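Visitor: Next comes the sequence, and after it the predicted model I'd like to discuss.
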Amino acid sequence: MCGIAGVMTADGEVPSPAALNGMIRMIRHRGPDESGVHVEPCVGLAHARLSIIDLAGGSQPMRNEDSSLWITFNGEIFNYLELREDLIKKGHAFATNSDTEVILHLYEEKGEDCVTYLNGQWAFAIWDRNRRRLFLSRDRLGIRPLFYTWAGKNLVFGSEMKALFVYPEVRRELDLNGLDEIFTYWCTIPPRTVFRGVFELPPGNSMVVEAGRVTVRPYWDLEYQDDCGAVDAAKESDYADRLLDLLIDATRIRLRADVPVGAYLSGGLDSTLTTALIKKFTDTRLRSFSVSFDDAEFDESPYQREAVRFLDTDHREVRCTSAQIGALLPEVVWHTEKPILRTAPAPLYLLSKLVRDSGYKVVITGEGSDEILGGYDIFKEAKIRRFWRAQPNSHMRPLLLRRLYPYLDNIQSQPDAYRKAFFHVQVDPALEAFFSHIPRWQLTARLKGFFSDSVRAELGADNCYAAIAAALPRSYSSWQSFCQAQYLETKYLLPGYILSSQGDRVAMAHAVEGRFPFLDYRVVEFASKLPLSLKMKVLDEKYLLRRCARNLIPTSVQTRRKQPYRAPEGASLLDAAAGEYVAELLSPTRIRRDGIFDPQPVEKLLNKFRRGAAIGIKDNMSLVGIVSTQLLVHQYIHHFDCKGIAYAA
Amino acid sequence: MPLNEELRQFVTDNFLYGKSSAGLADHDSFLDKGIIDSTGVLELVAFLEQRYGILMQDHDLLPENLDSIDNLARFVGSKLSRN
């Protein structure tokens, strides 16, 4: 796992090594073990290395035998041993034992299609000198990041946007449409980012720059098929066996590393199962890591302890306080490079520090399971809303919504008459394709009431769902509504928030690589073809996975209700540790100067928090969203400083 | 302060965060205008109980009573007149 950066010049000039060194220095946190730069006419590639595979021989940028190909690569190719063997049979000679070199030889063999053979998580650039072609690619699900922009006619790219911003002529301006998307979907819709003119290569896409032409094309996408209806016991058992076999193999190849691999253990079904599967392959005591909270509302440590006892791991825990969240938010936003509406990335930032301080670079985690196997409440919620919509006058059907959110007091005490409106039981027919997500998106979009008049005027009355509607695949409308909801979660929120703001960025801030067995593309493709009743049986989420986990994990963890990962929210930003920078960034003078928000409502919101009257999701998301946006503007627009993070604890 | 004005002030401060409510007519639905969210209803109920000493029963929690300034004023007025 590493950081990459590079430049392709339009006029054939040799890029400045100093500029490339400057870029890679900005993301040195991703790869503190080594760094390297290669320049030649037309192209410059840079690399910051976190040494995990072939510690002695895997330095980058790496070239092939005749130096006609050069690569800078961030990620891991988990099936590299099998690919290497095939390539050797075809006559390829390897100089190293690294997975990086496998990509080079595979490109020699297959060209751009090489990516379809890879099982892993990657962002890389290959310079093909003979064809004067730059080939960039990003993994299927967007585990590893890749951004690009244009400095004049020169292409500039890198693992994080901060690397791009140190290259001469790259401008740092907020893209208000990107901000609008964050304040609707919690993420931007690729290729858009929150910075104008800076783009993200969408997951599952490759990009070719050749002869002055740029082509971005998808090589993979999620695909669902018609539900095959009822499943008998024998078939169900067969599906369970196949899922478990796939997960075992996905975990096995993710243990390939020349350094020890640890595990995140949240106390939930997914990470407890992946930890149990790791134990099948290791004789040494597995090191596991978790984060816990003082507040019982968020804390899962009793389940974590139970899993630790059952699996006999050597466990380390970091306790996260509300004050720490407030104090760490500036560093977190520096790394997420986008506003966040929840504080949840902060505890994970603390957790990756614990991993790193414990001498570990690699952890296996349970991300992706909820998206692909039907675990999220939003899937269940949509199912109940449809059930209610069929009999809108029913008094019993809405009671299911109360069962759905036992951990949310406000939902519990909500009048039935209102619940119907808030859960958008009836939606505008034009938005039917987004039925599952309308309550979340419309609630989030209300935060835009804090935008200043000038921002709202610039954004205009555009349909904020237009970008996402335009990006949907042609087959989307033919999918079952459950699969449509899965697609929206997996395609957008997973890479745009879960794997980035809560994943890559906060883990790589401390040079820790996450590996995700549930996101092995074989598991994802298998899950997408499962009968719906095996994902959610009536209202039992991840039904098939729970069945697979029987006897492998503690019964209490296997049968517990899903508890979404959450952390203390807005109040943490009023704590003494954060109070000073929050007061400064949210002062009427600063708000007016930055021009994004309207000072008066921001002040009212802050006062509402100060008098303890802010209780709802909207107030909390508003404060976190406004503070993180103001931090982003301060750190990236007004005071972009290569030497340190403004307001860092 | 007239009841309608006082209720408008509460709605403006709490749900519009002080932004002008000039565009909000007394008969406008809070739900249709996207002014109130799920926790907003609870805040509204707490305000009515504290400010006017009204005891809110479950069957009172209806949009017909709470979903516009007019509805609120009518509901509060009728509760107060019964006390």
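Guide: Great, that's in hand. Numbers count the residues shown, from 1 in each chain, chains lettered A, B, ... in the order given.

Visitor: and the one helix or strand A:F124 maps to, what does it pack onto?
Guide: Per DSSP states H and E: A:F124 is located in strand A:120-128. Applying 3 or more C-beta pairs under 8 Å, 6 or more residues apart in numbering or on different chains; DSSP states H and E, one finds that strand A:120-128 contacts strand A:2-8, strand A:43-49, strand A:69-77, helix A:99-110, strand A:133-138. From N, CA and C alone the C-beta is placed, and that goes for glycine too.

Visitor: The ones you listed: which one's closest to chain B?
Guide: Checking the helices and strands packed on strand A:120-128 against chain B by C-beta to the nearest C-beta gives strand A:133-138 as the closest, at 36.5 Å.

Visitor: average pLDDT for the following helix or strand past that closest one?
Guide: Sequence order places strand A:147-151 as the next helix or strand after strand A:133-138, per DSSP H and E. Averaged over strand A:147-151, pLDDT sits at 97.

Visitor: same thing with stretch A:483-497?
Guide: Stretch A:483-497 comes out at a mean pLDDT of 98.

Visitor: Straight-line length of that stretch, end to end?
Guide: By C-alpha to C-alpha, to the nearest Å, the extent of stretch A:483-497 from end to end equals 20 Å.

Visitor: Run through who's touching that stretch.
Guide: Applying C-beta atoms under 8 Å, 6 or more residues apart in numbering or on different chains, the contact partners of stretch A:483-497 are A:141-143, A:185-190, A:203, A:222, A:224, A:340, A:367-368, A:370-372, A:374, A:376, A:378-379, A:382, A:433-437, A:468, A:472, A:476, A:479, A:524, A:528, A:532.

Visitor: now do stretch A:635-646
Guide: The contact list for stretch A:635-646 (C-beta under 8 Å, 6+ apart) reads A:22, A:25-26, A:162, A:165-166, A:172-174, A:195, A:330-331, A:333-334, A:337, A:594, A:631, A:634.

Visitor: Mind pulling up the pLDDT for the closest residue to chain A within chain B?
Guide: Residue of chain B nearest chain A, by C-beta to the nearest C-beta: B:T39 (2.8 Å). With respect to pLDDT, B:T39 has a value of 75.

Visitor: Give me the nearest residue to it, chain neighbours excluded.
Guide: A:G616 (2.8 Å; C-beta to C-beta, 6 or more residues apart in numbering or on different chains).

Visitor: separation between that neighbour and A:L155?
Guide: To A:L155, A:G616 is 45 Å away according to C-beta to C-beta, to the nearest Å.

Visitor: What residues does the stretch 51-200 of chain A have near chain B?
Guide: The stretch 51-200 of chain A comes close to chain B at no residue, as judged by C-beta under 8 Å from any C-beta of the partner chain.

Visitor: and the closest residue to chain B within the stretch 201-350 of chain A, how many neighbours does it have?
Guide: Per C-beta to the nearest C-beta, A:L341 is where the stretch 201-350 of chain A lies closest to chain B, at 14.3 Å. Around A:L341 there are 24 other residues, counting by other C-beta atoms under 10 Å in any protein chain shown.

Visitor: correct me, but it touches A:A445?
Guide: No: when contacts are counted by C-beta atoms under 8 Å, A:L341 is not listed as touching A:A445 (11.4 Å).

Visitor: Common neighbours of the two, please.
Guide: Joint contacts of A:L341 and A:A445 (C-beta under 8 Å, 6+ apart) are A:F183.

Visitor: middle-most residue in chain B, spatially?
Guide: B:L72 (4.7 Å; C-alpha atoms, centre = their mean).

Visitor: what's the spacing between that one and B:N4?
Guide: B:L72 is 8 Å from B:N4, by C-beta to C-beta.

Visitor: again with A:V582
Guide: Applying C-beta to C-beta, the value for A:V582 to B:N4 is 36 Å.

Visitor: These two: which is more packed in?
Guide: A:V582 (23 against 15).
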